[in-house]
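[1] coords please:
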Amino acid sequence: MKTWKALGYLGLIPFIVCLYLSSEAEFWGISTKQAFVAYSAVILSFIAGTIWRRDVSTHHDKRYIISNIFSLIAFASLLVAQEVALIILALSFMLLFVYENSIGKQHKLPTDYMNMRFWLTQIVVLLHITGYFLWFG
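    Coordinates of the predicted model:
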């Protein structure tokens, strides 16, 4: 398995661990809900930042702005109630995938990368929905 693919799937572990430990667990004074939301915000911002790497030889101001908007949304999700943050983050992951997929079609990104992104996005969104109903439903 390619390193980027392995790292992509290994990135699911913190989400899964936070859900497994459920809502009452705390480590170093941080609740698993807070850790889940914080990790989600970091990952959303990271993935948004990868948009910049696409065809860096040309300037894509729109792409840079959209990337920064997703990073700001990720930051804002840390400042709202956790149940609201889960919704914002889940929607943001979906929208970011849709945007990245449109870029992928234009620039013919490798199919295996986009397939991985599709499945990771589906799993991450499902984990957010699960967390929402487990913790607040």
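
[2] check contacts around the residue nearest the centre of the chain.
    Nearest to the mean C-alpha position of the chain, by CA atoms, centre = their mean, lies residue 44 at 3.5 Å. Residues near residue 44 by CB atoms under 8 Å, 6 or more residues apart in numbering: 70-71, 73-74, 77, 89, 92-93, 96. In this view, the C-beta of every residue, glycine as well, is placed from N, C-alpha and C.

[3] so it is in which element?
    Residue 44 belongs to helix 32-50 when assigned by DSSP states H and E.

[4] I'd like the average pLDDT over the helix or strand following that helix.
    Where DSSP H and E defines the elements, the next helix or strand beyond helix 32-50 is helix 61-77. Mean pLDDT, helix 61-77: 93.

[5] in helix 61-77, what's buried?
    In terms of neighbour count (16 or more other CB atoms under 10 Å), helix 61-77 has its buried residues at 63, 66-67, 70-71, 73-74, 77.

[6] ok, now stretch 36-47?
    36-41, 43-45, 47.

[7] among those residues, which one lies nearest to residue 85?
    Among the buried residues of stretch 36-47, residue 37 lies closest to residue 85 (CB to CB), at 4.7 Å.

[8] ok, back up a step: with distance to residue 6 as extra columns, can I get the contacts of residue 44 in JSON lines?
    JSON lines is the format used below for these (distance: CB to CB, whole Å):
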{"residue": "70", "distance to residue 6": "24"}
{"residue": "71", "distance to residue 6": "25"}
{"residue": "73", "distance to residue 6": "28"}
{"residue": "74", "distance to residue 6": "24"}
{"residue": "77", "distance to residue 6": "27"}
{"residue": "89", "distance to residue 6": "24"}
{"residue": "92", "distance to residue 6": "24"}
{"residue": "93", "distance to residue 6": "20"}
{"residue": "96", "distance to residue 6": "21"}
